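In: Here is my input; please provide its structure:
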Amino acid sequence: FLDLDRKDTTAICRQQRIDWWDDPTNGDDQPADCTLPETLPLRSRIRHDLLPALDRFAGRDMVRRLALGADMARLDQDYLDSQVDGLYQRLVVSPNSGQKAKGVLACLDARGLADCHPALRTRLLAQVLTKLGIRFTAVQVRALDDLVCRWHGQQGPRFPSSHTAIRKG
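Out: Alright, predicted model coming up:
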């Protein structure tokens, strides 16, 4: 539906004799030359105010270009995710019973990870944290990546619920 604008969708609905509802928070009743009030949702203000300004600035239809970029990014994301799934199988191992008793949730092959492209490595680290149910920020993933690739004795990042990452060997 990213390739369809409102005129297209309403024309399709008319042709198919489908009733539709116009969301009043879209700001459609506001003149195009006036900015929408801040009380309306950000999505509406972006569509009404920002995107037309981008079109004027660039001298072309930026919505279609942004939609094309989103489609390309989705393909990249799918590919990277499939690569990370393979790496996960290879580089993340369940802790042994002694490690589990000490509260170790996952073990990662730091040398194998260090050989990976940063785009895959950081996605893998984020996936491990997600699967463990640990909330994290991009800064913490960067610190975890430093622990893997630029280790010089530093401690790992701390996560909520007293979780932490350590490097051995």
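
In: Look through this protein and tell me its longest helix.
Out: helix 62-91 (DSSP state H).

In: what is the rounded mean pLDDT of the helix or strand just after that one?
Out: Toward the C-terminus, helix 62-91 is succeeded by strand 92-93 as the next helix or strand (DSSP states H and E). Mean per-residue pLDDT for strand 92-93: 91.

In: Please identify the buried residues of the longest helix of the chain?
Out: 62, 63, 83, 84, 87, 91 (16 or more other C-beta atoms under 10 Å). Just so you know, the C-beta spots here come from the backbone N, C-alpha and C atoms, and that holds for glycine as well.

In: The residue nearest to the spatial centre of the chain: what's it in contact with?
Out: The structure's the chain has its C-alpha centroid closest to residue 77; by C-alpha atoms, centre = their mean the separation is 9.0 Å. By C-beta atoms under 8 Å, 6 or more residues apart in numbering, residue 77 lies in contact with nothing.

In: Export the buried residues of helix 62-91 as JSON lines, with columns for distance to residue 149.
Out: Listed next are these as JSON lines, based on distance: C-beta to C-beta, whole Å:
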{"residue": "62", "distance to residue 149": "37"}
{"residue": "63", "distance to residue 149": "39"}
{"residue": "83", "distance to residue 149": "18"}
{"residue": "84", "distance to residue 149": "16"}
{"residue": "87", "distance to residue 149": "15"}
{"residue": "91", "distance to residue 149": "13"}
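
In: still on that earlier bit, and the longest helix of the chain, how far out from the chain middle?
Out: Its chain's C-alpha centre and that of helix 62-91 lie 10 Å apart, by C-alpha atoms, centre = their mean, to the nearest Å.

In: Quick one: name whatever helix or strand follows the lowest-mean-pLDDT helix or strand in the chain.
Out: The helix or strand of the chain with the poorest confidence is helix 97-101; it has a mean of 82 (mean pLDDT, DSSP states H and E). Using DSSP H and E, the helix or strand that follows helix 97-101 towards the C-terminus is strand 107-108.

In: mind listing what that next one pairs with, with the direction of each?
Out: If you go by DSSP bridges, strand 107-108 pairs up with strand 92-93 (antiparallel).
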